[in-house]
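Peer 1: Here is my input; please provide its structure:
(chains A and B)
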Amino acid sequence: DIQMTQSPSSVSASVGDRLTINCRASETIYNYVSWYQQKPGKAPSLLIYYASYLQRGVPSRFSGSGSGTDFTLTISSLQPEDFATYYCQQTYSALRTFGQGTKVEIK
Amino acid sequence: EVQMVESGGGLVQPGRSLRLSCAGSGFTFGDYTMHWVRQAPGKGLEWVSGISWNSGRIDYADSVKGRFTVSRDNAKNSLYLQMSSLRPEDTAFYHCAKDVSPFCSGGSCYGSDYWGKGTLVTVSS
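Peer 2: Presented below is the predicted three-dimensional model:
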């Protein structure tokens, strides 16, 4: 199975900060990575698919980049509603594994 | 409006069985691969199973292979997960999720754009 390793596992940041979250695949997945945001008690919400495609309705401060094995989710200017947990997922393999998550907390 | 609503969760003893359902609406259910994803309380997301739009391709995580069976009834816009030989480590919220693009199955697809709120399965004696 393809393993997805996210870093950091948690981060403290302030409103207005630029934030990057990284995800590394154990083998090449080309551009087949998606990013999700999850708030407590809620279902995950798709932010980015195919590495850099912004899901409809997602604010443009979210962006994704990378290909092959290394990927990045960037939030250009953190807003209060962005404090949540973020997950990457590879969709190259039929067994669609997730990263372990990155919790973004208020500093 | 796209909606998915899961049902069938509850408290079950180890070794017993349980069947989950997911009702989809607001989209052409029969065109999309559907997935089950679970999340143990306080833990991360774990992909469990996927079934293609026509049930022609079915995949399982190693952790549930041989114990769980996914199926769908497109006439009823419904997805199912039959869980048997349940273990305490199967305790989790179980979400159903819809693929972004129609008629994509297996690998080289995009993510899941709509998710249900989940149903809680607790495996305990």
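Peer 1: what residues does chain A put near chain B?
Peer 2: A:1, A:30, A:32, A:34, A:36, A:38, A:42-46, A:49-50, A:53, A:55, A:87, A:89, A:91-101 (C-beta under 8 Å from any C-beta of the partner chain). No exception for glycine: its C-beta is placed from N, CA and C like everyone else's.
Peer 1: So what are the sheet partners of the helix or strand harbouring A:Asn22 and their directions?
Peer 2: Element membership for A:Asn22 (DSSP states H and E) is strand A:19-25. Strand A:19-25 sits in its sheet next to strand A:4-7 (antiparallel), strand A:70-75 (antiparallel), going by DSSP bridges.
Peer 1: Rebuild these as TSV, extending it with mean neighbour count and mean pLDDT.
Peer 2: Listed next are the strands paired with strand A:19-25 as TSV, based on neighbours: other C-beta atoms under 10 Å in any protein chain shown; pLDDT from 0 to 100:
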stretch	mean neighbour count	mean pLDDT
strand A:4-7	17	97
strand A:70-75	20	98
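Peer 1: ok, of the residues of chain A next to chain B, which come out buried?
Peer 2: By neighbour count, with 16 or more other C-beta atoms under 10 Å in any protein chain shown, those hold A:32, A:34, A:36, A:38, A:43-46, A:49-50, A:53, A:55, A:87, A:89, A:91-101 as buried.
Peer 1: next helix or strand past the one helix or strand B:His35 maps to?
Peer 2: According to DSSP H and E, B:His35 maps onto strand B:34-39. Next along the chain after strand B:34-39, taking DSSP H and E as the criterion, comes strand B:45-51.
Peer 1: between that following strand and strand B:34-39, how many degrees?
Peer 2: Put simply, strand B:45-51 runs at 160 degrees to strand B:34-39, going by axes from the mean of the first three to the mean of the last three C-alpha atoms, to 10 degrees.
Peer 1: Is strand B:45-51 in proximity to chain A?
Peer 2: Yes: shown here: strand B:45-51 in contact with chain A (C-beta under 8 Å from any C-beta) through B:45-47, B:50.
Peer 1: beta partners of the residue in chain A that chain B sits nearest to?
Peer 2: The minimum distance from chain A to chain B, using C-beta to the nearest C-beta, falls at A:Ser34 (3.0 Å). A:Ser34 has these beta-bridge partners by DSSP bridges: A:Gln89.
Peer 1: Name the residue of chain B that lies nearest to chain A.
Peer 2: Nearest to chain A in chain B, going by C-beta to the nearest C-beta, is B:Gly111, at a distance of 3.0 Å.
Peer 1: How about that residue: what's its closest non-neighbour residue?
Peer 2: Sequence neighbours aside, A:Ser34 is the residue nearest to B:Gly111 in space, at 3.0 Å (criterion: C-beta to C-beta, 6 or more residues apart in numbering or on different chains).
Peer 1: Which pLDDT value belongs to the one you found?
Peer 2: For A:Ser34, the model assigns a pLDDT of 98.
Peer 1: ok, now B:Gly9?
Peer 2: 98.
Peer 1: Looking at the strands paired with strand A:19-25, which is nearest to B:Leu81?
Peer 2: strand A:4-7 (23.0 Å; C-beta to C-beta).
Peer 1: need the next SSE after the closest one, C-terminal direction.
Peer 2: strand A:10-13.
Peer 1: Just give the nearest non-adjacent residue to residue 106, would you?
Peer 2: Went with chain A since none was named. Of all residues not flanking A:Ile106 in the chain, A:Phe83 sits nearest, at 5.5 Å (C-beta to C-beta, 6+ apart).
Peer 1: was after chain B, sorry
Peer 2: With C-beta to C-beta, 6+ apart, the residue lying closest to B:Gly106 is A:Ala94, at 4.2 Å.
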